[in-house]
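In: here is my input, please return the structure:
(one chain, ligands or ions: 1)
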Amino acid sequence: MRSFFKTKTAIALALSVAAGTATAEDVEVLHWWTSGGEAAALNVLKQDLEGQGIGWTDMPVAGGGGEQAMTVLRARVTAGNAPTAVQGLGFDIIDWADQGSLANLNDVAAAEGWDDVVPAALQQFAKVNGEWVSAPVNVHSTNWVWANKAVLDANGIAMPETWDDFVAAMDTLSAAGITPIAHGGQAWQEATVFDSVVMSVLGPDGYKAAFIDLDADVLGSDGMKEAFDRMSVIRANVDDNFSGRDWNLATAMVINGDAGFQMMGDWAKGEFINAGKVPGEDFLCFRFPGTSEQVTFNADQFMMFDQGGAVSAEQAALATAILSPSFQSAFNVVKGSVPARTDVSNEAFDACGKKGMADLAAAASSGNLFGSMAHGHANPASVKNAIYDVVTAHFNGEYDSETAVQELVDAVDIAK
Ligand code: GAL
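Out: Okay, the predicted model is just below:
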């Protein structure tokens, strides 16, 4: 075992030197955490590894939601030069595991007792055919709204609890000359908003039937038309420069008081925290109106790519570091997400983080926890992308709501 390991390390060193990338003692990590808040969180992981004498070769691929990162990953794997560790989401992890690209982490998982502490909702993506293939970092959820408290107070707006309250709040801000909704016009961001809107209109059973079971009747229902109509209302409340805007720049609009609200996953909280803002004082976090009991989640995980043998010592160290309770607390406090283990104290978390942890636990036990369509936890990428195309085309005025419903039914049918 030992000599095999030495040989493997020597080969890895020779290969990586030839490729001009990481040294054998480094981990090369491909990820899309490039915003201020994301980079601050990633730093927690880098420092943890550096403390163990493991170097870090950074392979950032900008682009929220990770689509660009996945394109780069496919090219690297095709070229026979997979990075050591790669940020991955949901069904993408299962795909890579099915293709035989991922190292087996069962020994690390057994030594660290992952089976007992990682919630079932995450294990369904981290464990494929009984093998642990990735290390869960966090749990994010997508059905949040972020608001600038001073802007709301100045305009006499209370936290909206229903869709009608929310529409009234948007109208008030509009009349006051403030952009109601900060939005970045990218397909994954529109899909993120759609997660919440569909949940609010169709409820948990409808969300599951539409996005997880891909039930054509529900995809083509009047409720789905109502969801598209609500997307049109949201579209009418964004500023003129929304096209192509990155999500963190939309968050900055709320931070700076240039807009009232942003619908975005709790990685947005990382931006508020990074800007020194305090929940309850400077900003508010609340569930999208009509989804207060539901959680649509996505979990970032690190897949360890098979480097031609057993999991390497560096990969094992990275996986162990990621799942350690102290790291789970330190990282997620900064990232805006909540721990991927059920046994981490909420003590270090701010009010939004504590709410996130409580909401997740409650949703899991009441059957209200669902994988996010927008972030690859409801379907494989082919279906997800088919939904993206329709939602984005509708948001940009290419389809009216009725056409969008029909296009959605057809696109999902072809993709599934
Ligand atoms: C999500 C990811 C988050 C956050 C976000 C924006 O897909 O799970 O961690 O990074 O994209 O980049």
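
In: contacting residues around the closest residue to the ligand within the stretch 301-416 of the chain?
Out: Using C-beta to the nearest ligand atom, the closest approach of the stretch 301-416 of the chain to the ligand is made by residue 375 at 4.8 Å. For the C-beta atoms, the positions are set from N, CA and C on the backbone; glycine is no exception. Contacts for residue 375 were tallied using C-beta atoms under 8 Å, 6 or more residues apart in numbering; they are 65, 89-90, 140, 142, 188, 192, 265, 298.

In: restricted to helices, list those.
Out: Of the positions in those, 90, 188, 192 sit in helices, assigned by DSSP state H.

In: and the contacts of residue 375 near the ligand, which?
Out: Subset of the contacts of residue 375 in contact with the ligand: 65, 89, 140, 298, counting by C-beta under 6 Å from any ligand atom.

In: burial count for residue 130?
Out: Residue 130 has 7 neighbouring residues, counting by other C-beta atoms under 10 Å.

In: residues contacting the one residue in the stretch 251-400 of the chain that gets nearest to the ligand?
Out: Here the residue of the stretch 251-400 of the chain nearest the ligand is residue 267; by C-beta to the nearest ligand atom that distance is 3.9 Å. Neighbouring residues of residue 267 by C-beta under 8 Å, 6+ apart: 35, 37-38, 140, 247, 335-337.

In: one more time with 10 Å
Out: Applying C-beta atoms under 10 Å, 6 or more residues apart in numbering to residue 267 gives the contacts 33, 35, 37-38, 41, 64, 138, 140, 142, 144, 247-248, 251, 298, 300, 335-337.

In: ditto for residue 373
Out: Each residue near residue 373 by C-beta under 10 Å, 6+ apart is listed here: 142, 191-192, 194-195, 198-199, 207, 210-212, 296, 298, 379, 383-384, 387-388, 391.

In: if I look at residue 193, how far off is the ligand?
Out: Going from residue 193 to the ligand by C-beta to the nearest ligand atom, to the nearest Å gives 14 Å.

In: verify the stated contact: that residue with residue 182.
Out: No. The criterion here is C-beta atoms under 10 Å, and residue 193 misses it with residue 182 at 11.3 Å.

In: show me what from the stretch 201-350 of the chain comes close to the ligand.
Out: Taking C-beta under 6 Å from any ligand atom as the contact definition, the stretch 201-350 of the chain meets the ligand at 247, 267, 298, 300.

In: 8 Å instead?
Out: 247-248, 265, 267, 298-300, 335, 337 (C-beta under 8 Å from any ligand atom).
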